[in-house]
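J.: Task: produce atomic coordinates for the following.
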Amino acid sequence: MSSYDMIYHVVRQIPQGSVATYGQIADLAGLPGQARLVGYALRHVDDPSSDIPWHRVINVKGEISYSALRRGGDYLQRSLLEEEGIEFTPAGKVEFKRYLWQPLNWGL
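T.: Numbering: from 1, shown residues only. You can find the predicted model right below:
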């Protein structure tokens, strides 16, 4: 299984209405310290028709990582998260206490 496949496998487990961080996904995929690789992998699937819920992965600050390279995908990401009931603070952050995915017994 490739690194991207491992990342996609983990991201598919994030339940609706929850978020995870790039670093969290890297750790769960057995790729510690490779949060940037998670971002690269997800940039290839930032499409609403994908079966990979890429929009549920945000940065460690609780924010969407805005970039001109995403051609508006970052605004779509926020919209998809809001459709799932995730609320943003006025500063544009997601409250981890409320929405961070906490997988139980991962990898056991």
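J.: The lowest-mean-pLDDT helix or strand in the chain: how far from the chain's middle?
T.: Least confident helix or strand of the chain, by mean pLDDT, DSSP states H and E, is helix 73-83 with a mean of 86. Its chain's C-alpha centre and that of helix 73-83 lie 11 Å apart, by Cα atoms, centre = their mean, to the nearest Å.
J.: same thing with stretch 31-48?
T.: Centroid separation for stretch 31-48 versus its chain: 8 Å, with Cα atoms, centre = their mean.
J.: Give the rounded mean pLDDT of that stretch.
T.: Mean pLDDT, computed over stretch 31-48, is 87.
J.: Just the CA coordinates for it, please, in PDB.
T.: C-alpha atoms of stretch 31-48 as PDB (Å, rounded to 0.1, in the frame of the first residue of the first chain):
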ATOM      1  CA  LEU A  31       3.800   8.400   8.700                       C
ATOM      2  CA  PRO A  32       4.800  10.400  11.700                       C
ATOM      3  CA  GLY A  33       6.100  13.900  11.000                       C
ATOM      4  CA  GLN A  34       4.700  13.900   7.500                       C
ATOM      5  CA  ALA A  35       1.800  16.200   7.800                       C
ATOM      6  CA  ARG A  36       2.800  18.000   4.600                       C
ATOM      7  CA  LEU A  37       2.600  14.700   2.700                       C
ATOM      8  CA  VAL A  38      -1.000  14.400   3.900                       C
ATOM      9  CA  GLY A  39      -1.700  17.900   2.400                       C
ATOM     10  CA  TYR A  40      -0.200  16.900  -0.900                       C
ATOM     11  CA  ALA A  41      -2.200  13.600  -1.000                       C
ATOM     12  CA  LEU A  42      -5.500  15.400  -0.200                       C
ATOM     13  CA  ARG A  43      -4.900  18.100  -2.800                       C
ATOM     14  CA  HIS A  44      -5.300  15.400  -5.400                       C
ATOM     15  CA  VAL A  45      -8.800  14.600  -4.200                       C
ATOM     16  CA  ASP A  46     -10.400  18.000  -3.200                       C
ATOM     17  CA  ASP A  47     -13.500  17.200  -5.200                       C
ATOM     18  CA  PRO A  48     -16.900  16.800  -3.700                       C
END
